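K.L.:
Sequence first, predicted model second:
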Amino acid sequence: MSGDAAARGTPPRIAPLSRLFDPEQVPQDPEFVQTRRPAVAAARLLPPALRQRFATPPAWAPEVRADQRLIETQIKSRPAAVLVPVVDRSEGATLLLTQRTAHLHDHAGQISFPGGRVDAGDRDPVHTALREAAEEIGVTAAHVDVIGSLPTYLTVTGYNVTPVMAIVRPGFTLALDAFEVAEAFEVPLAFLMDPANHERRAIEIDGLRRSFYAMPYEAGGRRYFIWGATAAMIRNLYHFLIA
């Protein structure tokens, strides 16, 4: 970082992990297999049960609170929020995710929740998450019932993200922001809340061992590689629901 940047307090730019390596080619961590736990019971994934869980949360602790490289480099964080939209489908709840466009500077091409940094006019993280979801994918507050939030998560790009949990009523029409969002898709919540579908992958960079969670998902002939901060927040949701 240049002296001018330091004087202005500008956060240093760090190359995203996906530009240092192909995350899908990173081998799985063999030690993780021994740590798997049961899937969240189907009854706990129903919207009424989710609302009750967030209304009266259990004693629990998130498994991971930050990307490893952020902890090591001590970047000054910036506030952000994402919407974690659970769609109340008759065949079972799903999680609505997006794939970011390839040209973006931060997390280009990665799978994420709709969301972004807090703007000056935002009242709180809920306002940020709802505004960003409307702008990015066209899901407005009229279809969204916010039920709570998960602990903040620090990303490698310097964002302190509040995951805002919400139940989304079907009937919405997606309208993707073509600049930021390449695709939006849904994954069964039961799939994501089953640790049998969770992976932890590990790689050595600059002499340091780094690991991240991944949840590969295939549907309609497509393979979606959910990893990094998004997978970590999903993993924390799992621990919250299984506690």
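P.N.:
That came in fine, so what should we check first?
K.L.:
The residue lying closest to Ala232 once chain neighbours are set aside - how many residues pack around it?
P.N.:
Counting by Cβ to Cβ, 6 or more residues apart in numbering, Ala232 lies nearest to Val64, which is 4.8 Å off, once chain neighbours are set aside. The way it works is simple: take the backbone N, C-alpha and C, and place the C-beta from them, glycine included. Residues lying near Val64 (other Cβ atoms under 10 Å) number 18.
K.L.:
can you pull the buried residues of stretch 76-92?
P.N.:
Ser77, Ala80, Ala81, Val82, Leu83, Val84, Pro85, Val86, Val87, Asp88 (16 or more other Cβ atoms under 10 Å).
K.L.:
Out of those residues, flag the one nearest to Leu46.
P.N.:
Proximity of the buried residues of stretch 76-92 to Leu46 (Cβ to Cβ) peaks at Asp88, which lies at 8.8 Å.
K.L.:
wait, what's in contact with the closest residue to that closest one other than its chain neighbours?
P.N.:
Nearest non-adjacent residue to Asp88, counting by Cβ to Cβ, 6+ apart: Pro47, 5.0 Å away. Counting by Cβ atoms under 8 Å, 6 or more residues apart in numbering, Pro47 makes contact with Val86, Asp88, Ala93, Ile167.
K.L.:
Those residues in strands, which ones?
P.N.:
Per DSSP state E, strands hold the following members of the contacts of Pro47: Val86, Ile167.
K.L.:
Next, give me the two most distant ones among the contacts of Pro47.
P.N.:
Maximum pairwise distance among the contacts of Pro47 (Cβ to Cβ): 8.3 Å, between Ala93 and Ile167.
K.L.:
Tell me the residues that contact both of these two, please.
P.N.:
Pro47, Leu50, Val86.
K.L.:
Show me which of those is closest to Ala243.
P.N.:
Leu50 (13.6 Å).
K.L.:
any idea how far that closest one is from Pro62?
P.N.:
Using Cβ to Cβ, to the nearest Å, we find Leu50 at a distance of 17 Å from Pro62.
K.L.:
When the two are compared, which one has more neighbours?
P.N.:
Taking neighbours as other Cβ under 10 Å, Leu50 and Pro62 compare with Leu50 leading, 22 against 16.
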